[in-house]
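Colleague: Sequence first, predicted model second:
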Amino acid sequence: MKGTLRLAQSKAMAGEKSPSCGANQTLDGWCVDLARRKMYGHCGGIAADSVNFSFQDIKIPAGVTLTFYSPDGSPDNQRAILRFISTPYPGIDKASVVCLSGFGKKYKIQVTTGGEISDQGFVDSCP
């Protein structure tokens, strides 16, 4: 999971954009969608002609649950997508904690608004 987060971050920082994005569409960022277990790029904002591109599966074993938490530790049920951005500043749109749970274990990864990805390792509880 941490590798997927770093890959999305790297693609956003490099400004990697698909030719399917229109000439006037800016790169909005690279997204990690936990609910769909996908990573993809996005351009065009919220316009009807916005484009998601380069979908890649996030390889997580069956039986493992992915959950977002706010930095204060409360479950962030409204959030299922982390979006890495490069402008106006590099980072992520909202600081988050990602918890992987399964097989009697919990694993915690923290992402700051500045884009720092911190591996907290196996923990007793998440967040």
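Modeller: Okay, I see it.
Colleague: sec struct for D28, please.
Modeller: Three-state assignment for D28 (DSSP: H, G, I helix; E, B strand; the rest coil): strand.
Colleague: pretty sure it contacts S86?
Modeller: No. D28 lies out of contact with S86 (C-beta atoms under 8 Å); the separation is 9.8 Å. (Each C-beta comes from the backbone N, C-alpha and C, glycine too.)
Colleague: Which residue of those two possesses the greater neighbour count?
Modeller: Remark: of D28 and S86, D28 carries more neighbours, 23 against 19, as counted by other C-beta atoms under 10 Å.
Colleague: mind listing what's buried in stretch 101-108?
Modeller: 101, 106-108 (16 or more other C-beta atoms under 10 Å).
Colleague: for stretch 84-96, same thing?
Modeller: 84-86, 91-92, 95-96.
Colleague: Name the nearest residue to S125, sequence neighbours excluded.
Modeller: In this structure, S125 finds its nearest non-sequential neighbour in K106, 6.5 Å apart by C-beta to C-beta, 6 or more residues apart in numbering.
Colleague: Apologies, that question was intended for S101.
Modeller: Sequence neighbours aside, T65 is the residue nearest to S101 in space, at 4.7 Å (criterion: C-beta to C-beta, 6+ apart).
Colleague: Neighbours of the one you found, how many?
Modeller: Using other C-beta under 10 Å: T65 sits among 11 other residues.
Colleague: circling back: give me every residue that touches the residue nearest to S125.
Modeller: By C-beta atoms under 8 Å, 6 or more residues apart in numbering, the residues touching K106 are 99-100, 122-126.
Colleague: Since that was my last question, I'll sign off now.
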